[in-house]
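# pasting the structure only:
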């Protein structure tokens, strides 16, 4: 193929092929296409030479890489610049690509107008990037949703803590009212709660059950609010009628608390805390496992604390006597396992009332 | 009259952060809502006056980093400084910008650069919080809030960098 034919072919392919003459001067093989004259306005038909003077332009930068490449003298290899966009006419930009090739001892520079193939590539990359952006938006929306969910969870935790504190405050107020009416039993409920929790721990009960017992313990005599003050503080023995009134307090406690939505069956435990294993207790005469385990634990704790403390109607009996009562009536009034746990705790000196 | 000083400035950042839009706003005072991806490199020029000196800024708009194609570090050669562009509505573009900053420093050494917080006009969609921007400033970053859409501080961004280049 002669040079003239090659030049026409390059022209038709929108490709400029130029040979390096000296330094940054190049001479085009054939006539320069119009678009190329926008890059190098000094080009003339009769003198198709151009100089790449500006090393800050894209071609200027590429020539530095091309010079290194030409020095390696590797025929058949082409170094491509990658595409670049250049404004060739007023407001119209075009994609171009430059290449360097070493051929027959000549340093050849190629500049081609990418045209339709570049448009297709651009379309593909544009679509890929738009998909990436959509994916990023989805990811961000998901992250925002998760952040909002974490925020809500945190709010719920804060509110739960607040409600728990309020509940604890209300319980304290109830205890204060109960103790104001029955000063002799002041602190009784707290100490019962303390022992009941120790018994439950000794029996290996789970933490949430122990917390339920603590709450039931500190509220277990709330029903005494219905018992007249003169009966509660009466010195000496109570008569039959007075005892009957006293025995109403588990039911009264249940009635007071039954509509409160505690996380555990507090009202039921309080209702059953005077029931005996043999069915001789009150108010319902429940027996054995019909009585909630927590109520059986509370029963033992209540008896030990009450017998170990002073009461207006009798002198202090003492812990030893209280434990003797538990030992004697183990399996009769008191649950065997609870009784054993209690005797073990005191015998090994692992429990003391605050 | 002295010849203008020529300075090459590169625009670096993740894809679709607004690099091309910033240049278009600066050079032609135009803005288009349509996203137009840059393939490879686009070179523009703008002559500015900094005090009594004329500076020809050669603006190299480099295709944004996106995991599809990697930027050729040779494109950075000869750059006197760069604008590192971040999209205020996409926090991940800050990470990309920091990666590109490291790459540019490896190639160019310590040349002037400014962190551009673009798309400042999209207030409801901001994804980079003030605390993160405060941390960047405290660690020595020079930042400028811009909007290619409204033109906010666009000239200031380029001209501040131009001033740094001739200092």
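Here it is on my side, so go on. Computed from a predicted model, the values in this text were never measured in an experiment.
# and residue 33, what pLDDT?
This is for chain A. If you check residue A:33, the pLDDT there is 84.
# wrong one, chain B
pLDDT recorded at residue B:33 is 81.
# again with residue A:340
97.
# And residue A:186, by the same measure?
65.
# so which strand or helix has the residue nearest to residue A:188 when sequence neighbours are not counted?
What sits nearest to residue A:188 in space, not counting adjacent residues and going by Cβ to Cβ, 6 or more residues apart in numbering or on different chains, is residue A:305, at 6.1 Å. Bear in mind the C-beta positions are built from the backbone N, C-alpha and C, glycine included. Residue A:305 belongs to helix A:293-308 when assigned by DSSP states H and E.
# got it, and residue A:17?
According to DSSP H and E, residue A:17 maps onto strand A:15-22.
# Distance from the helix or strand following that strand to the middle of the chain?
Note on strand A:15-22: by DSSP H and E, the next helix or strand toward the C-terminus is strand A:25-28. Strand A:25-28 sits 67 Å away from the centroid of its parent chain (Cα atoms, centre = their mean, to the nearest Å).
# Direction included, what does strand A:25-28 pair up with?
Strand A:25-28 sits in its sheet next to strand A:15-22 (antiparallel), strand A:49-51 (antiparallel), going by DSSP bridges.
# after the helix holding residue A:305, next one along is what?
Immediately after helix A:293-308, counting by DSSP H and E, sits helix A:319-328.
# what packs against that following helix?
With contacts taken as 3 or more Cβ pairs under 8 Å, 6 or more residues apart in numbering or on different chains; DSSP states H and E, helix A:319-328 sits against helix A:293-308, helix A:336-347.
# hey, which helix is longest across the chain?
Defaulting to chain A. helix A:115-181 (DSSP state H).
# oops, chain B please
Per DSSP H, chain B has its longest helix at helix B:92-108.
# Give me the buried positions along it.
Using 16 or more other Cβ atoms under 10 Å in any protein chain shown as the test for burial, helix B:92-108 gives B:93-94, B:96-97, B:100-101, B:103-104, B:108.
# which of those residues lies closest to chain A?
Proximity of these to chain A, judged by Cβ to the nearest Cβ, is greatest for residue B:93, which lies at 9.2 Å.
# Show the contacting residues for that closest one.
B:13-14, B:17, B:85-87 (Cβ atoms under 8 Å, 6 or more residues apart in numbering or on different chains).
# what bits of the chain have low per-residue confidence?
I'll assume chain A. Counting by pLDDT under 70, the low-confidence segments of chain A come to A:1-3, A:11-12, A:91, A:183-186, A:312-313.
# not quite, I wanted chain B
Scanning chain B with the threshold set as pLDDT under 70 gives B:1, B:66-70.
# Report the central residue of it.
residue B:83 (2.8 Å; Cα atoms, centre = their mean).
# and the gap between that one and residue B:154?
According to Cβ to Cβ, to the nearest Å, residue B:83 and residue B:154 sit 10 Å apart.
# Residue of the stretch 151-300 of chain A closest to chain B, please.
Going by Cβ to the nearest Cβ, chain B is nearest to residue A:151 of the stretch 151-300 of chain A, at 14.8 Å.
# For chain A, which residues are neighbours of chain B?
Applying Cβ under 8 Å from any Cβ of the partner chain, we find that chain A lies next to chain B at A:54-58, A:61, A:64-65, A:82-87, A:93, A:95, A:118, A:121-122, A:125-126, A:128-130, A:132-133, A:136, A:140.
# mind running it again at 6 Å?
Within chain A, the positions near chain B by Cβ under 6 Å from any Cβ of the partner chain are A:56, A:58, A:61, A:82-85, A:122, A:125-126, A:128-129, A:133.
# Would you list the buried entries among those?
Buried members of the residues of chain A next to chain B, counted by 16+ other Cβ under 10 Å: A:56, A:58, A:61, A:82-85, A:122, A:125, A:128-129.
# Now those residues in JSON lines, please, with extra columns for distance to residue B:143.
Output for those, formatted as JSON lines (distance: Cβ to Cβ, whole Å):
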{"residue": "A:56", "distance to residue B:143": "26"}
{"residue": "A:58", "distance to residue B:143": "29"}
{"residue": "A:61", "distance to residue B:143": "29"}
{"residue": "A:82", "distance to residue B:143": "31"}
{"residue": "A:83", "distance to residue B:143": "32"}
{"residue": "A:84", "distance to residue B:143": "29"}
{"residue": "A:85", "distance to residue B:143": "28"}
{"residue": "A:122", "distance to residue B:143": "32"}
{"residue": "A:125", "distance to residue B:143": "30"}
{"residue": "A:128", "distance to residue B:143": "30"}
{"residue": "A:129", "distance to residue B:143": "25"}
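# which one among these gets closest to residue B:135?
Using Cβ to Cβ, residue A:129 comes nearest to residue B:135 of those, at 28.9 Å.
# Quick check, that closest one in contact with residue B:15.
Yes - using Cβ atoms under 6 Å, residue A:129 is in contact with residue B:15, at 5.2 Å.
# and stretch B:29-48, how far out from the chain's middle?
11 Å.
# residues of it that come out buried?
Here stretch B:29-48 shows B:31, B:37-44, B:46, B:48 as buried, counting by 16+ other Cβ under 10 Å.
# just stretch B:77-96 next, same as before
Under 16+ other Cβ under 10 Å, the buried positions of stretch B:77-96 are B:77-91, B:93-94, B:96.
# Looking at those residues, which are in strands?
Judged by DSSP state E, strands contain the following of those: B:79-87.
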